[in-house]
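K.L.:
here are the coordinates; sequence isn't available:
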């Protein structure tokens, strides 16, 4: 699937002695809704500026729209069905990554290459032996005032050291929060998405608010006042997060580090609305993805290569000089620590499921980057609903492995006013381009022509005209499940 010629594309021209600092900026539940992605209303000036100096990927995908699971993919380069992080790690959910993944772990590999590693914000993966950072920075200003966090990062930027740094700046926003806008006149109140109460702000961070009448409602969501009020709150949270990116860039410049710092901006998955988060639909998987890399001459470029979160670890390792492109593996596998009490070593891993996109930076196209796969099994522990998907330039196949079961909801998505307003109207009520009932009860296979039906509303799996395409896509999905060591491949043979 991956022609050998592509391996020659993974070189960016840098001075022989230069290894960039790396900042991996990951937001929580953010779709590619930004000025640089064509959104007409939302204010994201700092992401727009970063895109003008770098490469903006237009077809970037999470592999799973669930927080812990997705973050494990970002930091291991392995699908979560293989690395063991099947769902959430906190509280009673209790999923953890196999300790064998320490051999490939991004923070561990960069540490071994001499990087100073630091993390601030939401990590949400375990165990620490796989995801160890040298330093865990304090969230100054509180969990939702991420622009203030930059003050904790300044000592890392200003430290006199010959060793480059790797910083994970991972926000809690625009994730849904436990608060609602009590002043909303409707019975069902909109979630605040981490925003302060109306008229308030966090510290010195000025809030940008939005009129619900003006926001853009995607086709897959219902155009209701409940939905519009939640989108307005979501926009506000995204804009505050964008301010954190701006503060981070300013701090890097002040410390004299910006010119030698690689910055990657993305999200763990799409926005926290039913129809996106915890699904393998486009709205759940498609993410913003902007890379600013020292030494790349062409800037302000939009690249249409189909990349996924499995590609992040190999790409950053490539930038640090520790990646073997031919083997799709680290140049040196690290020793695996002895499992602690309750930890599972899992299977041994020798290579990444993804590959490096470093050679795509500054280019508009990437030959051979025309397919991505997705894998979701759990979100919360009570939400068993395994789904697998394969998507090419035109079609997507979804396999709902537990399709006889009703689709389970994350607790915050079930409570969302956007959903409840439609659910209370009955099973035939519309929910975007679907009905409430068709969202809850799904067939075993969903096949979509994304060119003609980008909102995935017309399932072609039972259409005789697309029988051959269905068969081809099933074959590709099985091949990828085998390649990525997916235990759920057995479900093709029974049940």
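P.N.:
That came in fine, so what should we check first? Just so you know, these numbers come straight off a predicted model, no measurement behind them.

K.L.:
quick one: the strands in the stretch 101-250 of the chain?
P.N.:
For the stretch 101-250 of the chain, the strands defined by DSSP state E, counting those that start in this stretch occupy 116-121, 135-136, 165-170.

K.L.:
and the shortest one, what does it pack against?
P.N.:
Helices and strands touching strand 135-136, by 3 or more CB pairs under 8 Å, 6 or more residues apart in numbering; DSSP states H and E, are strand 116-121. (C-beta placed from N, C-alpha, C; glycine too.)

K.L.:
the residue sitting nearest the centre point of the chain - nearest residue in space that isn't next to it in sequence?
P.N.:
The centroid of the chain falls nearest to residue 268 when counting by CA atoms, centre = their mean (2.5 Å). Leaving aside its chain neighbours, residue 268 sits nearest to residue 70 (4.3 Å; criterion: CB to CB, 6 or more residues apart in numbering).

K.L.:
phi, psi for that neighbour please.
P.N.:
Main-chain dihedrals, residue 70, degrees, to the nearest 10: phi -70, psi -40.

K.L.:
from what I see, residue 386 and residue 401 are in contact.
P.N.:
Yes. Taking CB atoms under 8 Å as the definition, residue 386 is a contact partner of residue 401 at 4.2 Å.

K.L.:
hang on, residue 156 packs against residue 165?
P.N.:
Yes. Using CB under 8 Å, residue 156 and residue 165 qualify as a contacting pair, with a distance of 5.5 Å.

K.L.:
between these two, what contacts are shared?
P.N.:
Applying CB atoms under 8 Å, 6 or more residues apart in numbering, one finds that residue 156 and residue 165 are jointly contacted by 116, 118.

K.L.:
what ranges do the helices span in the stretch 101-250 of the chain?
P.N.:
For the stretch 101-250 of the chain, the helices defined by DSSP state H, counting those that start in this stretch cover 106-112, 146-158, 225-254.

K.L.:
which stretches of the stretch 1-150 of the chain have low pLDDT?
P.N.:
Where the stretch 1-150 of the chain drops to pLDDT under 70, the residues are 1-17.

K.L.:
just the residues contacting stretch 336-347, thanks.
P.N.:
Under CB under 8 Å, 6+ apart, the answer for stretch 336-347 is 82-84, 96, 98-103, 127, 129, 485.

K.L.:
pretty sure the residue nearest to residue 268 contacts residue 270?
P.N.:
No. With contact defined as CB under 8 Å, residue 70 does not reach residue 270; the gap is 10.2 Å.

K.L.:
quick one, strands of the stretch 301-450 of the chain?
P.N.:
Using DSSP E, counting those that start in this stretch, strands in the stretch 301-450 of the chain cover 301-308, 323-324, 329-330, 371-376, 387-392, 395-400, 430-431, 434-435, 445-449.

K.L.:
want to throw those into TSV with mean neighbour count and distance to residue 356?
P.N.:
Converted to TSV, the strands of the stretch 301-450 of the chain look like this (neighbours: other CB atoms under 10 Å; distance: least, CB to CB, whole Å):
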stretch	mean neighbour count	distance to residue 356
strand 301-308	20	10
strand 323-324	20	6
strand 329-330	22	11
strand 371-376	24	15
strand 387-392	23	21
strand 395-400	22	25
strand 430-431	19	39
strand 434-435	18	37
strand 445-449	20	29
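
K.L.:
nearest to residue 421, out of the ones you listed?
P.N.:
strand 430-431 (9.7 Å; CB to CB).

K.L.:
what kind of secondary structure is residue 458 in?
P.N.:
coil (DSSP: H, G, I helix; E, B strand; the rest coil).

K.L.:
quick one, what contacts the nearest residue to it once chain neighbours are set aside?
P.N.:
For residue 458, ignoring the flanking residues on the chain, the nearest one in space by CB to CB, 6+ apart is residue 448 at 7.1 Å. Residues counted as contacts of residue 448 (CB under 8 Å, 6+ apart) are 395-396, 398, 456, 458-460.

K.L.:
returning to that earlier point: what sits in contact with each of residue 70 and residue 270?
P.N.:
residue 62.

K.L.:
quick check: residue 31 vs residue 65, distance?
P.N.:
Distance, residue 31 to residue 65, using CB to CB, to the nearest Å: 10 Å.

K.L.:
of these two, who's got more company?
P.N.:
residue 65 (29 against 26; other CB atoms under 10 Å).

K.L.:
my guess is that one meets residue 277, correct?
P.N.:
Yes. When contacts are counted by CB under 8 Å, residue 65 is listed as touching residue 277 (5.1 Å).

K.L.:
spit out the residues that contact these two alike.
P.N.:
With CB under 8 Å, 6+ apart, residue 65 and residue 277 have common neighbours 269-270, 284.

K.L.:
right, and out of the residues you listed, which lies closest to residue 320?
P.N.:
residue 269 (25.5 Å).

K.L.:
and the closest residue to residue 455 other than its chain neighbours, how close does it get to residue 289?
P.N.:
Excluding its sequence neighbours, the residue lying closest to residue 455 (CB to CB, 6+ apart) is residue 219, at 4.1 Å. Distance of residue 219 to residue 289, given as CB to CB: 22 Å.

K.L.:
what's the burial count for residue 80?
P.N.:
Residues near residue 80, counting by other CB under 10 Å: 28.

K.L.:
try residue 29
P.N.:
Residue 29: 28 surrounding residues under other CB under 10 Å.

K.L.:
settle this for me: it is touching residue 172, isn't it.
P.N.:
No. Using CB under 8 Å as the test, residue 29 is too far from residue 172 to be in contact (9.6 Å).

K.L.:
list the residues that contact both of residue 386 and residue 401?
P.N.:
Joint contacts of residue 386 and residue 401 (CB under 8 Å, 6+ apart) are 488, 491.

K.L.:
coming back round to it: find the pair from the contacts of residue 448 with maximum spatial separation.
P.N.:
Across the contacts of residue 448 (CB to CB), the longest gap, 13.2 Å, separates 398 and 458.

K.L.:
of the shared contacts of residue 65 and residue 277, which is the most crowded?
P.N.:
Neighbour counts for the shared contacts of residue 65 and residue 277 peak at residue 269, which has 32 neighbours (criterion: other CB under 10 Å).

K.L.:
which ones are touching it?
P.N.:
Counting by CB under 8 Å, 6+ apart, residue 269 makes contact with 29, 62, 64-67, 70, 276-277, 284-285, 287.

K.L.:
what's the closest non-adjacent residue to residue 299?
P.N.:
residue 53 (5.2 Å).

K.L.:
contact partners for the one you found?
P.N.:
292, 299-300.

K.L.:
distance of the residue lying closest to residue 402 once chain neighbours are set aside from residue 91?
P.N.:
Leaving aside its sequence neighbours, residue 402 sits nearest to residue 385 (CB to CB, 6+ apart; 5.3 Å). Relative to residue 91, residue 385 is positioned 19 Å away (CB to CB).
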